[in-house]
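Undergrad: fold the following.
(chains A and B)
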Amino acid sequence: MSLSAALETGDVGLLPSRRDEDWRWTDLRGLLRVLPPRALKASVATWGEGPFAGLVDETLVLAGGAETASLHVPEGVTQTIALRVISRGDTALQASATIRVDAGSKLVLMESYEGDAGAYVTSVDLNFELEPGARLERVALAMDGADGVLVSKAVAVLGGGATFTQTLATSGARRQRLETSVDHPGAGANVHLNGVYLLTGKRHADLTTTVRHMGVDGQTRQLTKGVVRDQARGVFQGRIIVEEGADRTEARMGHHALVLSDKAEVDAKPELLIHADDVQCAHGNTIGALDEEALFYMAQRGLPDGVARTLLVAAFVSEAIEGVQHDGARAVLEAWIAKAMEVSL
Amino acid sequence: MLKINNLHAEVDGKEILKGLSLEVPAGEVHAIMGPNGAGKSTLSYVLTGRSGYEVTEGTASLDGADLLSLDASERATKGLFLSFQYPLEIAGVPALTFIRSALNAQLKARGEDEIKAPEFLKRARAQAAALKIDFDMLKRPLNVGFSGGEKKRMEIFQAAMLSPRFLILDETDSGLDIDALKIVSEGVNAMRAPDRSMLVITHYQRLLDYIKPDRVHVLAAGRIVQSGGPELALELEREGYDKYARAA
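TA: Sure, this is the predicted structure:
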């Protein structure tokens, strides 16, 4: 059951539905009665520059029909690459990319999901292979249209001592899932998974992650922050599995959301499945509203209500992007947050 | 400066202020003392416009401007400042960013030019030094992880930076050791000016050894039941609030 299988075959029966436990808050079968025709290869020129233009050495574009790309960062090299997924019109896009980072190399990948106002359906499969000691910083910004549907699934396989740092930022779509699955070898490898969702209108975003610790001495840090208002819906599913024998695993997962209106909704399912001894694992999950006492305090200092709310919300989510090491990419996300605040508050 | 006349206010339908009248002329410092539950903190919240505090009767004005028709931020812009008994922690917003945003919001609302960063920092450094606040602390999120004494010092720092016309100090001495009390009081005294007034709300006479009031009022059961000079505070310290509680 997956969107890519459904697009591959044209069979809507293969779409995940609410009967699938992991998709119960992101039903696609109930949403899509028919699948749109495949997009023709789009002309990138009509799309202008992506959000990370000027920061990268090279840009890969996935924009039409069924597209694949591959990228290989050879040993001892540092590269900064943009990956743009461009969805448009009432069309389907099925894309995939395989990205390999050799031992001792570093890749900064700046991904953008760019959609127009169309009722498009886009599926993206990304495979990351990190050799021992390789480093990948993945920064993804999803700027879909309100009527688009996007499922992006990234699978990362790490060698010992590798570092995988990910920050996802999304304003949602009609239905959207950004999924990450990491095979964690332990062995001094380091995984950081951060995410921010800022949702308005009737938008939906689902951040789902699975980290499987398979060896001793692995570390995972995860922080997701979300803000929903109007009738928007945020979904967080975080699963950390510690396999038998994966001792001395250290894993922390946090998800914190602000719900700013009565009709907005956040569904969260943090899970720790621990089959090893001698591990340090913890998760925290909070869903709440803005602190009225803090708002009064700020008003008493002369801050108008809208300004006070904007400050509090921006401060609330900013923690989740502090981990972005690339200054330029972090600045893009900061600007994105500031703009989202302007529009929504 | 501040004029309160026959103020009645309730919280959750329960009347707390029952016809309170008070006048604080420009340049004066008045103290309000009273037993627990007399309505001291309610008075500070009603004046500053906290939601949930409903005025049912009476008036309150600052420099002739009706306070009760304004929202909390507008009252602050008119120059009303409350030093909170329990200052809030503002996660994620550095103290300096917070205060500069507040100052600029007030200046903008008054139609004045915003303060430039270099000048703001210069003033902040000077005020921080006067209040013995480590400047690096101002780069941390406001009040997050600060001790009780540090939070109170930060309140006075904010007051000094925002330069209000009228200060309400709500139990500013609570949680302060004697050294911190001296520093905070010196900070407050440095702000005394002919065009600025203060209302000092306190349980104990101790604070008034450091911040000398021009007038002292006793608040009991929602009204001012007695007013006098500084000697009234000493009398209260000796005799307690019993007779007022009974009178109420």
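
Undergrad: could you measure from the nearest residue to A:R24 once chain neighbours are set aside over to chain B?
TA: Among residues not flanking A:R24 along the chain, A:R18 sits closest, at 4.7 Å (CB to CB, 6 or more residues apart in numbering or on different chains). The way it works is simple: take the backbone N, C-alpha and C, and place the C-beta from them, glycine included. The spacing between A:R18 and chain B, counted by CB to the nearest CB, to the nearest Å, is 36 Å.

Undergrad: got a list of what A:R18 touches?
TA: Residues in contact with A:R18 (CB atoms under 8 Å, 6 or more residues apart in numbering or on different chains) are A:24-25, A:27, A:29-30.

Undergrad: pull the most distant pair out of those residues.
TA: Within the contacts of A:R18, A:W25 and A:R29 form the most distant pair, 13.5 Å apart (CB to CB).

Undergrad: pretty sure A:V149 is touching A:A173, no?
TA: Yes: applying CB atoms under 8 Å, one finds A:V149 in contact with A:A173, separated by 6.3 Å.

Undergrad: of the contacts of A:R18 - the most surrounded one?
TA: The most crowded member of the contacts of A:R18, judged by other CB atoms under 10 Å in any protein chain shown, is A:W25 (20 neighbours).

Undergrad: okay, the contacts of A:R18 in JSON lines with secondary structure next?
TA: Output for the contacts of A:R18, formatted as JSON lines (DSSP: H, G, I helix; E, B strand; the rest coil):
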{"residue": "A:R24", "secondary structure": "coil"}
{"residue": "A:W25", "secondary structure": "coil"}
{"residue": "A:D27", "secondary structure": "coil"}
{"residue": "A:R29", "secondary structure": "coil"}
{"residue": "A:G30", "secondary structure": "coil"}
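
Undergrad: which one of those is nearest chain B?
TA: Of all the contacts of A:R18, chain B sits closest to A:W25, with 27.7 Å by CB to the nearest CB.

Undergrad: now do the contacts for that closest one.
TA: By CB under 8 Å, 6+ apart, the contact set of A:W25 is A:18, A:206, A:233, A:235, A:237, A:267.

Undergrad: give the next helix or strand downstream of the strand or helix carrying B:K3.
TA: Secondary structure assigned from DSSP states H and E places B:K3 in strand B:2-11. Downstream of strand B:2-11, the next assigned helix or strand under DSSP H and E is strand B:14-24.

Undergrad: same for the next helix or strand after that next one, what does it pack against?
TA: Going down the chain from strand B:14-24, the next helix or strand is strand B:29-33, by DSSP H and E. Counting contacts by 3 or more CB pairs under 8 Å, 6 or more residues apart in numbering or on different chains; DSSP states H and E, strand B:29-33 packs against strand B:197-202, strand B:215-220, helix B:231-239.

Undergrad: winner for burial among the ones you listed?
TA: With neighbours taken as mean count of other CB atoms under 10 Å in any protein chain shown, the helices and strands packed on strand B:29-33 reach their highest mean count in strand B:197-202, at a mean of 24.

Undergrad: who touches the helix or strand following it?
TA: Tracing the chain C-terminally past strand B:197-202 and defining elements by DSSP H and E, one meets helix B:206-210 next. With CB under 8 Å, 6+ apart as the test, helix B:206-210 has contacts from B:31, B:172-173, B:181-182, B:185-186, B:189, B:200, B:202, B:216, B:230, B:233.

Undergrad: leaving out sequence neighbours, find the closest residue to whichever residue of chain B sits closest to chain A.
TA: Closest approach between chain B and chain A, counting by CB to the nearest CB: B:G92, at 2.7 Å. Of all residues not flanking B:G92 in the chain, A:A315 sits nearest, at 2.7 Å (CB to CB, 6+ apart).

Undergrad: so that neighbour makes contact with B:P94?
TA: No: using CB under 8 Å, A:A315 is not in contact with B:P94; the gap is 9.1 Å.

Undergrad: find residues that contact each of those two.
TA: B:P141.

Undergrad: before we move on, which element is A:T26 in?
TA: Here A:T26 is assigned to no helix or strand, by DSSP H and E.

Undergrad: separation between it and chain B?
TA: Distance from A:T26 to chain B, by CB to the nearest CB: 29 Å.

Undergrad: tally of neighbours for that residue?
TA: Around A:T26 there are 25 residues (other CB under 10 Å).
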